[in-house]
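Student: Using only what follows, build the 3D model:
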Amino acid sequence: MSGFIPHELSYFADSLLELNMAGNSITGSIPSFLEKLSNLDTIGLNDNCLSGFIPEFFSEMTNLNLLVLHNNVNLYGSLNGLCEGTEFKNDGMIAILSDCECPINQISSIECDCCNNCCNRDTFQCYSMNDEHDVTSSYNLETSPNGIPKSFETTCLSEKSRLWIEKECPCTILIDDVAQCTTNCAAGGATRNNQNSMA
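Tutor: Next up is the predicted model:
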C-alpha cells in the first residue's frame, strides 16, 4: 500500500478501534483527522515512509493503549505528552515504540521519556528501555505474499538499511508461520529478501 493515509478513515470515528497500517510505503505526514478517531485502542504506523511533525493530539486520545511509530523516514517531535516522567500518562497504556534516543540509536529527532522500546531504523533493532540487554528485531513480521517481510519492501529504505538486510538478513524463512532472518539462503524454504542481491 502506498500514498497517503486515507481521509475516509475519519468516517469511522465512532466505530474504529484499531488502525494497523504497518509495513507499507505510506508517505506524507500523520494527518490531523486521526484526532477524530478518539476510540482507537491501537495505532500501528510503523515501517512506512511517513515524515513531518508528530501531532500532539495522541496525548489526548484517552483510549489509546498501543502506539507504534518506529521505522519511518523522517518523523520528528515529542511523544512526552503521553508520559508522566518515565511512566505512561494513561494507566492502561501498554507500549509506545518509536525511533527515540537509546543506546543503539544515540541520535534521534523523537523525544519519548516513557517509550517501552526505542528502535534503530537502519538496523531493524529495537532496544527495551526496561532491560538494556533486551534487543530484538523490529522488522514487521507480517510477510507479503512472496514471503518477504513487508518492512523490507517499503520504497523508502535507507542505504544503511539495505546494507543491513544484505549482510544480516539476506533471506527469510518461515518458522511456524513467522518470518525469521537467516544468512543461510540455501536452507529449504528460504526466500531471498533482495532479489538483486547475490549474497
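Student: And the residue nearest the centre of this structure?
Tutor: residue 46 (2.4 Å; C-alpha atoms, centre = their mean).
Student: what about that one, helix or strand, and which?
Tutor: In this structure, residue 46 sits in neither a helix nor a strand according to DSSP states H and E.
Student: Now do the same contact list for it.
Tutor: Residues in contact with residue 46 (C-beta atoms under 8 Å, 6 or more residues apart in numbering) are 22, 23, 68, 69, 70, 71, 72, 97, 138, 140. To be clear about C-beta, it is placed using only N, CA and C from the backbone, and glycine gets the same treatment.
Student: ok, and the most crowded of those residues?
Tutor: residue 71 (31 neighbours; other C-beta atoms under 10 Å).
Student: Which secondary structure state is assigned to that residue?
Tutor: At residue 71 the chain is in coil, as set by DSSP: H, G, I helix; E, B strand; the rest coil.
Student: just residue 165 next, same as before
Tutor: Secondary structure assignment for residue 165 (three-state DSSP): helix.
Student: Restricting to C-alpha, output stretch 155-170 in CSV.
Tutor: What follows is stretch 155-170 as a C-alpha-only set of coordinates in CSV (Å, rounded to 0.1, in the frame of the first residue of the first chain):
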residue,chain,number,x,y,z
THR,A,155,10.0,2.2,-1.0
CYS,A,156,12.0,4.5,1.4
LEU,A,157,14.6,2.2,2.9
SER,A,158,17.9,4.0,3.7
GLU,A,159,21.1,2.8,2.1
LYS,A,160,22.2,1.7,5.6
SER,A,161,19.0,-0.4,5.9
ARG,A,162,19.6,-2.0,2.5
LEU,A,163,23.2,-2.9,3.5
TRP,A,164,22.0,-4.4,6.8
ILE,A,165,19.5,-6.6,5.1
GLU,A,166,22.1,-7.7,2.6
LYS,A,167,24.6,-8.6,5.3
GLU,A,168,22.4,-9.6,8.3
CYS,A,169,19.1,-10.8,6.8
PRO,A,170,19.6,-11.7,3.1
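Student: Now do the buried residues in that stretch.
Tutor: Using 16 or more other C-beta atoms under 10 Å as the test for burial, stretch 155-170 gives 156, 157, 161, 162, 164, 165, 169, 170.
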